[in-house]
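Undergrad: What follows is a predicted protein model with its sequence.
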Amino acid sequence: MRVSVVGLGYLGAVHAASMASLGHEVVGVDVDVARVESLALGKSPFFEPGFDELLARAVGAGRLSVTSDVAAVAGARVHFVCVGTPQAAGSGAADLSFVEAAVSSLVPHLGPGEVVVGKSTVPVGTAARLAARVEAVGATLVWNPEFLREGFAVADTLHPDRIVYGVPDGEAGRRAAGLLDEVYAAPLAEGTPQVVTDYATAELVKVAANSFLATKISFINAMAELCEVAGGDVTRLADAIGHDQRIGRKFLNAGLGFGGGCLPKDIRAFMARADELGAGEAVAFLGEVDAINTRRRARMVELAVEVLGGDVAGARVAVLGAAFKPDSDDVRDSPALDVAARLDGLGGHVVVHDPQAIDNARRKEPSLAYERDLEAALTGADVVLVLTEWRHYRDLDPARAAALVARPQVLDGRGALDREAWQAAGWTYRALGRP
Ligand code: UDX
């Protein structure tokens, strides 16, 4: 089927290449000319495992074409809207200008019976408002939120846990869902649970899921705060409560907390939207979730100050990790980069290493020093902070690392290291939430 994808950021680019891999003829549109040029050459503008190969195959086979001319969507039967909804400047609310602009640019090219599929994360109520504009030209809007994780984007797109459609009542909604089913035909949809519902529920599913995940992380980090004052070990606590299948061990890794382009902004936008609807109280707890999360960063800085004898000024601080999570080059709201910048602000000589995110980190925090070689980053360090759990840091040989640093002190912000092995190699090991 001929389909279009409007917005070729993280979500859109992966979605477009994935749809091409299912055999569809895909046209991708983005206003960012540099991004279009890169994708047209089959080159990914970001780091994502497995995406480069998928993209190169899609472009090479002639199944994916990209352009900045939205008129190219003409003739497609299904149009995916994948643009971003960043946090608006000066408030917690979502900035919907890209979604509005994408729909406005699409409408003149839509024909009767075509389907517009919203995949962006939006405040509840957005789809109902956009639907009127789409229906005015005889097309139908489906809200179909995306749940992909960075680092697993290709697998999550092609093998989702569930598929959610928000559709209008009646025949038009049924037809639109049927057409989208054709696009997602096997192997994507086969055996995948499907929930077909109204617009509001579909929009809420996405923010509810992200709020739940953020809450789970902040819950265990709150327990880490308790462990710190009471002398407990949050890792053992997480293992123990995680054995209860109603709770589960996933997303109970205590540490520096959540960052990235989704969880932080989504919970803030949810609070802002709930306030507008007069239901702010219902999600006021998300304010605590956010506060617990950012307190972990402050605690990490405190620990560094403590092991440096009360003063960071002039100390060489090796920060391992800049990305908000491993297998990503994304530094949006990265806890690691935030801690690095705070230590720099206290006068430390901070040297940041990351296997993939240095270029993005340098654009965001240009005053920090960056080192692409891991051993060079460690050399002469007075303290080492592991702030993103890249495999490269787990695999470090603690004895070899000890020979490089000035003082063998390590702060494990992600529970990434084997504590006993590092202690046996002579390191002073400190971690959040552990004695
Ligand atoms: C998230 C959702 O998982 C995904 O479904 C949604 O579509 C987009 O937002 P992503 O931002 O890629 O995906 O990352 P995720 O793997 O969820 O991690 C988010 C943050 O939480 C990271 O900073 C990670 O380090 C942190 N985290 C995760 C923890 O601190 N502890 C955990 O146990 C799990």
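TA: Arrived safely, thanks for sending. Note that the structure is a prediction, hence the values are computed from the model and not measured. Numbers count the residues shown, from 1 in each chain.
Undergrad: Could you check the pLDDT of the closest residue to Ala431 other than its chain neighbours?
TA: Using C-beta to C-beta, 6 or more residues apart in numbering and skipping the chain neighbours, the partner closest in space to Ala431 is Asp412 (4.2 Å). The way it works is simple: take the backbone N, C-alpha and C, and place the C-beta from them, glycine included. pLDDT recorded at Asp412 is 98.
Undergrad: burial measure for the closest residue to Ala56 other than its chain neighbours, as a count.
TA: Spatial nearest neighbour of Ala56, excluding adjacent residues (C-beta to C-beta, 6+ apart): Gly42 at 4.2 Å. For Gly42, the number of neighbouring residues by other C-beta atoms under 10 Å comes to 18.
Undergrad: gap between Gly42 and Leu55?
TA: Computed as C-beta to C-beta, to the nearest Å, the Gly42 to Leu55 distance reads 6 Å.
Undergrad: quick one, what contacts Leu106?
TA: Shown in contact with Leu106 (C-beta atoms under 8 Å, 6 or more residues apart in numbering): Val6, Val70, Val73, His79, Val81, Val116.
Undergrad: Can I get the helix or strand hosting the last one as PDB, trimmed to CA atoms?
TA: The one in question is Val116. Counting by DSSP states H and E, the element that carries Val116 is strand 115-118. Below are the C-alpha coordinates for strand 115-118, written out as PDB (Å, rounded to 0.1, in the frame of the first residue of the first chain):
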ATOM      1  CA  VAL A 115      -7.000   7.800   6.800                       C
ATOM      2  CA  VAL A 116      -4.800  10.100   8.900                       C
ATOM      3  CA  VAL A 117      -3.200   8.200  11.800                       C
ATOM      4  CA  GLY A 118      -1.900  10.300  14.700                       C
END
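Undergrad: tell me what whichever helix or strand comes after that strand is packed against?
TA: Beyond strand 115-118 on the C-terminal side, the first helix or strand identified by DSSP H and E is helix 126-135. Applying 3 or more C-beta pairs under 8 Å, 6 or more residues apart in numbering; DSSP states H and E, we find helix 126-135 packed against helix 97-106, strand 115-118, strand 140-143, helix 199-230.
Undergrad: on contacts alone, who are the packing partners of the third one?
TA: The contact analysis (3+ C-beta pairs under 8 Å, 6+ apart) places strand 140-143 against strand 115-118, helix 126-135, strand 163-166, helix 171-183, helix 199-230.
Undergrad: Show the average pLDDT along that strand.
TA: The average pLDDT for strand 140-143 rounds to 98.
Undergrad: Show me which positions of the helix or strand following it end up buried.
TA: Using DSSP H and E, the helix or strand that directly follows strand 140-143 along the chain is helix 153-158. For helix 153-158, burial by neighbour count (16 or more other C-beta atoms under 10 Å) applies to Ala153, Val154, Asp156, Thr157, Leu158.
Undergrad: got the contact list for the nearest residue to Ala357 once chain neighbours are set aside?
TA: In this structure, Ala357 finds its nearest non-sequential neighbour in Ala323, 4.0 Å apart by C-beta to C-beta, 6+ apart. Neighbouring residues of Ala323 by C-beta under 8 Å, 6+ apart: Asp329, Asp330, Val331, Ser334, Ala336, Asp354, Gln356, Ala357, Asn360, Ala361, Thr388, Trp390.
Undergrad: got JSON lines for the residues you listed, with secondary structure, pLDDT and distance to the ligand too?
TA: Shown next, in JSON lines, are those (DSSP: H, G, I helix; E, B strand; the rest coil; pLDDT from 0 to 100; distance: C-beta to the nearest ligand atom, whole Å):
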{"residue": "Asp329", "secondary structure": "coil", "pLDDT": "97", "distance to the ligand": "12"}
{"residue": "Asp330", "secondary structure": "coil", "pLDDT": "97", "distance to the ligand": "8"}
{"residue": "Val331", "secondary structure": "coil", "pLDDT": "98", "distance to the ligand": "11"}
{"residue": "Ser334", "secondary structure": "coil", "pLDDT": "98", "distance to the ligand": "8"}
{"residue": "Ala336", "secondary structure": "helix", "pLDDT": "98", "distance to the ligand": "9"}
{"residue": "Asp354", "secondary structure": "coil", "pLDDT": "98", "distance to the ligand": "14"}
{"residue": "Gln356", "secondary structure": "coil", "pLDDT": "97", "distance to the ligand": "14"}
{"residue": "Ala357", "secondary structure": "coil", "pLDDT": "98", "distance to the ligand": "12"}
{"residue": "Asn360", "secondary structure": "helix", "pLDDT": "98", "distance to the ligand": "15"}
{"residue": "Ala361", "secondary structure": "helix", "pLDDT": "98", "distance to the ligand": "15"}
{"residue": "Thr388", "secondary structure": "coil", "pLDDT": "98", "distance to the ligand": "7"}
{"residue": "Trp390", "secondary structure": "coil", "pLDDT": "98", "distance to the ligand": "11"}
